[in-house]
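1. all I have is the shape, not the residue letters:
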């Protein structure tokens with residue numbers, strides 16, 4: 001099934017009004033080489049998605065294709081069919097310098113904060129590195145401290161290493177690292193999955209605050225429907241590589257049509273009753 005969701009990136013000049021576009025994208029895997037008669041497994045099948053106007057959650061069971069979609073967005077995977085565009089241009093056509101500019105517009109908060117932070121870098125070095133990689137000027141130590149303050153942390157963490165941080169602190173550092181280059185779109189991959197309920201709620205509140213403060217748009221990838229409801233206006237439901245349902249979060253949560261959506265909601269309710 002094909003769906004098109006539109007989301008506006010506000011407050012910044014753009015080459016195209018659509019920042020990210022997936023057009024009829026399919027991704028095929030072969031567990032056995034094709035020349036040995038291997039059959040393709042469709043990780044994604046004919047997916048179309050435009051990010052231009054709303055904060056969007058992508059939800060679905062394990063193996064639905066959520067991670068594959070994000071890998072396509074960051075150029076970590078090439079579509080078997082279809083096209084991925086950023087700012088109106090096919091991702092693979094950007095040269096090295098253009099990719100740097102694109103990277104500053106779309107940033108990611110990975111699922112596991114501790115494993116995404118270099119254990120040999122201090123917090124300050126972790127925050128400064130993207131500024132250097134993207135050739136962004138300014139007083140980098142000062143910008144690192146400002147980024148830390150923006151996520152509710154203090155400067156005394158700057159000389160620490162990731163292994164000295166709590167999981168909640170590490171997640172905030174990961175968010176600060178993404179925000180320090182002032183992106184238009186923040187891609188959050190299961191940002192609350194490794195957190196306890198208290199820190200989960202705090203991270204949701206932080207992301208909501210940052211969205212409002214910076215006119216930041218969010219693409220949330222999550223199993224957590226509570227996070228989707230709290231952070232996004234629209235939701236895309238993926239299953240077996242296809243978009244099976246999409247629309248406004250409230251409407252879909254109240255009147256789910258597809259069995260996958262219904263199962264996700266039942267699982268969320270069951271989880272609540274057991275906590």
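-> Perfect, I can see it now. Small disclaimer: the values here were computed from a predicted structure and weren't measured.
2. secondary structure class for residue 27?
-> Three-state call for residue 27 (DSSP: H, G, I helix; E, B strand; the rest coil): strand.
3. mind checking the pLDDT average for stretch 207-226?
-> The average pLDDT within stretch 207-226 is 91.
4. ends of that stretch, how far apart?
-> Separation of the first and last residues of stretch 207-226 by Cα to Cα, to the nearest Å is 14 Å.
5. for it, list every residue counted as buried.
-> Neighbour counts over stretch 207-226 (16 or more other Cβ atoms under 10 Å) mark 207, 210-211, 214, 216-226 as buried. The way it works is simple: take the backbone N, C-alpha and C, and place the C-beta from them, glycine included.
6. give me the neighbour count for residue 75.
-> 15 (other Cβ atoms under 10 Å).
7. with residue 156 instead?
-> 9.
8. would you say it is within a helix?
-> Yes - assessed with three-state DSSP, residue 156 lies in a helix.
9. so residue 164 versus residue 156, what's the distance?
-> 11 Å (Cβ to Cβ, to the nearest Å).
10. I misspoke; the intended subject was residue 269.
-> 42 Å.
11. same check, this time on residue 224
-> Residue 224 is 31 Å from residue 156, by Cβ to Cβ.
12. tell me where this structure has helices.
-> 66-73, 96-105, 113-116, 123-133, 140-150, 167-179, 197-214, 225-231, 249-254, 259-273 (DSSP state H).
13. in the fourth one, what counts as buried?
-> Neighbour-count burial for helix 123-133, with 16+ other Cβ under 10 Å as criterion, is recorded at 123, 124, 125, 126, 127, 128, 129, 130, 131.
14. and what of the shortest one?
-> The neighbour-count criterion (16+ other Cβ under 10 Å) identifies 113, 114, 116 as the buried residues of helix 113-116.
15. which of the residues you listed lies closest to residue 107?
-> Top of the list for closeness to residue 107, among these and by Cβ to Cβ, is residue 116 at 12.2 Å.
16. my guess is that closest one contacts residue 171. True?
-> No - look at residue 116 against residue 171 with Cβ atoms under 8 Å: they stay out of range, at 9.6 Å.
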